[in-house]
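Trainee: below are the sequence and a predicted model for it; my questions follow.
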There are 2 protein chains.
Amino acid sequence: MFRAMSYSQGFLSLIDQRALPHKELWIKSRCLEDVAKAIEDMVVRGAPAIGCAAAFGIACQVHADAASTPDLKLCSYQETWNQYLTRMAATRPTAVNLFYAIKHMRDLWSSQSMDRPLNQFALDVESKALALEADDLKTCQAIGSHGLEFWKGQKKARVLTHCNTGSLATAGYGTALGVIRSLHKAGRLEMVLVDETRPYLQGARLTAFELEQDGIPYTLISDNMAAYAMQKSMVDFVVVGADRIAANGDTANKIGTYNLAVLCQYHNIPFAVAAPKATIDVHCPDGARIPVEQRPSKELLEVQGVAIAPTGSQVWNPSFDVTPAHLISAIITEETVCRGPYAF
Amino acid sequence: MFRAMSYSQGFLSLIDQRALPHKELWIKSRCLEDVAKAIEDMVVRGAPAIGCAAAFGIACQVHADAASTPDLKLCSYQETWNQYLTRMAATRPTAVNLFYAIKHMRDLWSSQSMDRPLNQFALDVESKALALEADDLKTCQAIGSHGLEFWKGQKKARVLTHCNTGSLATAGYGTALGVIRSLHKAGRLEMVLVDETRPYLQGARLTAFELEQDGIPYTLISDNMAAYAMQKSMVDFVVVGADRIAANGDTANKIGTYNLAVLCQYHNIPFAVAAPKATIDVHCPDGARIPVEQRPSKELLEVQGVAIAPTGSQVWNPSFDVTPAHLISAIITEETVCRGPYAF
């Protein structure tokens, strides 16, 4: 299982997910700004992975600061610390895991005595980041197990998924792809239909890559083929991840998710969301309040640097869409399989 | 208005639509095999344009044969002629316009006296091909006018379209894009949302190019964004072309069309098909009988020659899908705006 990141003593290595599957480039960061930029530029993506990377980015920076001023008291670090958290929070607006990781760091700060030296705090920050990563991995494995409860069908499942929700999008194993991995391990998977997931091609580039590596059978399709595949009875259920789930169950996820949910309703096919409980934003009452990021035009006008449309075309490029709760058959978390109506 | 082809005295020039919008390469053919290959390789595409190109390809070949054996009697040419028609019919299976053009050529043959010399017949073949082209242009303009009847809304329309159905896909003006052109001319168009149309990107490469050239306002989206655009009330109606319409109204068109039709039903948005009457195959009772072409994996695994997925990924690449008639609000032809239930 390919991992998206590895942290050690103030250094974070991120696999450059923009270059996969054809190049394996590792990008090393030792300060917060480098990691923040890596998140903005989608070197690392996927809601849980963004959360982990953000925590490690903070750990890198505090580690570096502690190396130069080990004895600095925290009371003199307050403003700097707040600036770091603010900078990291500004990287991407939609995925809630980012804010969850930052909240954990803020809580850690609150528990500190202000006359502690920075080098001791740096160790705590590092431990917290590693703990968040370990938790996410455990969470994904538990989501995978609950996926087996969700899919009770007797025959081997033909599952359609969107975007990348695998070990590259999380601390490891994956959310929706965790469900798929668990089905495969249990001998209950026939085929994964992989949406290529325009414009960023996370399905074609990353999900296909992970499934290939793990020997899980898959078939790549373009996003607009999913409807026809359903019409031809090639899909038993759809499972996707989530970037933020509102208290009423409305779910923001990669653009194209809402399309699949509508198709599933029309074809009477179960549509499941698989995500850690941390993705549920109980302070957000419904999907209308979830901010949806617009990405640069270039991401649609070029594929791997090759222009595919007239230069200067006007473009609409929302990175996510919002699926209303009533279209979601189940939300699979590390604790349970929730069925609607949802009230988190 | 950019034209896809031009014929003169045994030569057919085709703009290479695979290289647009960034390169304008013209490919010249003077024999049937070259034109057949150009159709297979998608140098020229779009159901009506394929029909025209096929007719011109036959004209090129007969012109060449007549140059070498002008006095050959048609009775000695029968077998050769039949081979030509058979070869041309084998290029692409779905679009009916190809078979319509071939039928016209077959009828022309049947009307001939078998002791006529080949050089006289060659002139008739050429005239017939030119007449089919002229007819298609007139037909498209009439479809455009009927489009104005279809969209009676008071406000300027925001129209979503798929693939390329413009002057590049026809003899000129376009079918669905003809409707859009007519709305624009009448001052009743606000915006065209253009699906990029994976995997061949006819929307991004060709439709955006045509709209850009004609100064018609458009916004490019990836196919999986259409649902979200509808949820956000950005679409007043959808209009697409057709490759074959069965007698009951079931319509084969570019992959992704069926997806849009399902989305339109869910969002209560009119979904129109614009096509010449020649696209209606009265001998085909319903969509289940329309053969759907599978295209090579490579077309999905590469974009303009750049690999976007693991080499050797298994791929499903149907070039078309079939939309059941009950999802089609209207079929706009050169004669009228038909509403369901359809019985052609």
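Mentor: Received it, and whenever you're ready, just let me know what you need.
Trainee: what are the pairing partners of whichever strand or helix holds residue A:158, and which direction each?
Mentor: Secondary structure assignment for residue A:158, by DSSP states H and E: strand A:157-161. Using DSSP bridges, strand A:157-161 pairs in its sheet with strand A:189-195 (parallel), strand A:237-240 (parallel).
Trainee: can you redo these as CSV with distance to residue B:56, mean neighbour count and mean pLDDT?
Mentor: The way it works is simple: take the backbone N, C-alpha and C, and place the C-beta from them, glycine included. Listed next are the strands paired with strand A:157-161 as CSV, based on distance: least, C-beta to C-beta, whole Å; neighbours: other C-beta atoms under 10 Å in any protein chain shown; pLDDT from 0 to 100:
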stretch, distance to residue B:56, mean neighbour count, mean pLDDT
strand A:189-195, 39, 22, 98
strand A:237-240, 45, 26, 98
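Trainee: of all these, which one is nearest residue B:333?
Mentor: strand A:189-195 (34.4 Å; C-beta to C-beta).
Trainee: what lies in contact with that closest one?
Mentor: Here strand A:189-195 makes contact (C-beta atoms under 8 Å, 6 or more residues apart in numbering or on different chains) with A:155-163, A:180, A:183, A:203-204, A:207-208, A:211, A:216-223, A:226, A:229, A:234-235, A:256, A:260, B:224, B:316.
Trainee: and stretch A:252-265, what's its mean pLDDT?
Mentor: Averaging pLDDT along stretch A:252-265 yields 98.
Trainee: ignore what I typed, I meant stretch A:5-17.
Mentor: 97.
Trainee: ok, now stretch A:92-110?
Mentor: 94.
Trainee: distance of residue A:48 from residue A:91?
Mentor: 15 Å (C-beta to C-beta, to the nearest Å).
Trainee: typo on my end, residue A:34
Mentor: Where residue A:91 is concerned, residue A:34 sits at a distance of 12 Å (C-beta to C-beta).
Trainee: follow-up on the earlier one: between the strands paired with strand A:157-161, which gets nearest to residue B:307?
Mentor: Per C-beta to C-beta, nearest to residue B:307 of the strands paired with strand A:157-161: strand A:189-195, 15.5 Å.
Trainee: any idea how far that closest one is from the middle of the chain?
Mentor: Put simply, strand A:189-195 sits 20 Å off its chain's centre (C-alpha atoms, centre = their mean, to the nearest Å).
Trainee: which strands or helices does whichever helix or strand comes after that strand pack on?
Mentor: Downstream of strand A:189-195, the next assigned helix or strand under DSSP H and E is helix A:202. The contact analysis (3 or more C-beta pairs under 8 Å, 6 or more residues apart in numbering or on different chains; DSSP states H and E) places helix A:202 against no helix or strand.
Trainee: export the following helix or strand past helix A:202 as PDB, just CAs?
Mentor: Downstream of helix A:202, the first helix or strand assigned by DSSP H and E is helix A:208-214. Extracted C-alpha coordinates of helix A:208-214, given in PDB (Å, rounded to 0.1, in the frame of the first residue of the first chain):
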ATOM      1  CA  ALA A 208      -6.300   3.200 -11.000                       C
ATOM      2  CA  PHE A 209      -2.600   3.400  -9.700                       C
ATOM      3  CA  GLU A 210      -3.500   2.100  -6.200                       C
ATOM      4  CA  LEU A 211      -5.800  -0.600  -7.500                       C
ATOM      5  CA  GLU A 212      -3.200  -1.700 -10.000                       C
ATOM      6  CA  GLN A 213      -0.600  -1.900  -7.200                       C
ATOM      7  CA  ASP A 214      -2.900  -3.900  -5.000                       C
END
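Trainee: which among the strands paired with strand A:157-161 is found nearest to residue A:23?
Mentor: Here strand A:189-195 is closest among those (C-beta to C-beta), at 20.2 Å.
Trainee: now the residue of the stretch 51-200 of chain A found nearest chain B. Nearest residue, chain neighbours left out?
Mentor: Proximity of the stretch 51-200 of chain A to chain B (C-beta to the nearest C-beta) peaks at residue A:198, 3.8 Å away. Leaving aside its sequence neighbours, residue A:198 sits nearest to residue B:222 (C-beta to C-beta, 6 or more residues apart in numbering or on different chains; 3.8 Å).
Trainee: pull the number of nearby residues for the one you found.
Mentor: Neighbour count for residue B:222, taken as other C-beta atoms under 10 Å in any protein chain shown: 28.
Trainee: what's the angle between whichever strand or helix holds residue A:146 and strand A:157-161?
Mentor: Residue A:146 belongs to helix A:118-150 when assigned by DSSP H and E. Interaxial angle of helix A:118-150 relative to strand A:157-161 (axes from the mean of the first three to the mean of the last three C-alpha atoms, to 10 degrees): 140 degrees.
Trainee: which other helices and strands contact helix A:118-150?
Mentor: Helix A:118-150 packs on strand A:5-8, helix A:47-68, helix A:96-110, helix A:176-185, strand A:271-274, strand A:330-332, strand A:337-338, going by 3+ C-beta pairs under 8 Å, 6+ apart.
Trainee: wait, which of the ones you listed is closest to residue B:332?
Mentor: Per C-beta to C-beta, nearest to residue B:332 of those: strand A:271-274, 33.7 Å.
Trainee: near chain B at all, the closest one?
Mentor: No - judged by C-beta under 8 Å from any C-beta of the partner chain, strand A:271-274 stays clear of chain B, getting no closer than 13.0 Å.
Trainee: please state the offset of that strand from the chain centre?
Mentor: With C-alpha atoms, centre = their mean, you get 14 Å for strand A:271-274.
Trainee: paired strands for it, with orientation please.
Mentor: Here, using DSSP bridges, strand A:271-274 pairs with strand A:237-240 (parallel), strand A:330-332 (parallel).
Trainee: one step back: just the buried members of the contacts of strand A:189-195?
Mentor: By neighbour count, with 16 or more other C-beta atoms under 10 Å in any protein chain shown, these hold A:156-163, A:180, A:183, A:203-204, A:207-208, A:211, A:216, A:218-223, A:226, A:229, A:234-235, A:256, A:260, B:224, B:316 as buried.
Trainee: find the residue closest to the residue in the stretch 1-150 of chain A that chain B sits nearest to in space, skipping its chain neighbours.
Mentor: Residue nearest to chain B within the stretch 1-150 of chain A: residue A:21 (4.9 Å; C-beta to the nearest C-beta). Excluding the flanking residues, the one nearest residue A:21 by C-beta to C-beta, 6+ apart is residue A:209, at 3.8 Å.
Trainee: which elements pack onto the helix or strand where residue A:220 lies?
Mentor: Element membership for residue A:220 (DSSP H and E) is strand A:218-221. Applying 3+ C-beta pairs under 8 Å, 6+ apart, we find strand A:218-221 packed against strand A:189-195, helix A:208-214, helix B:298-301.
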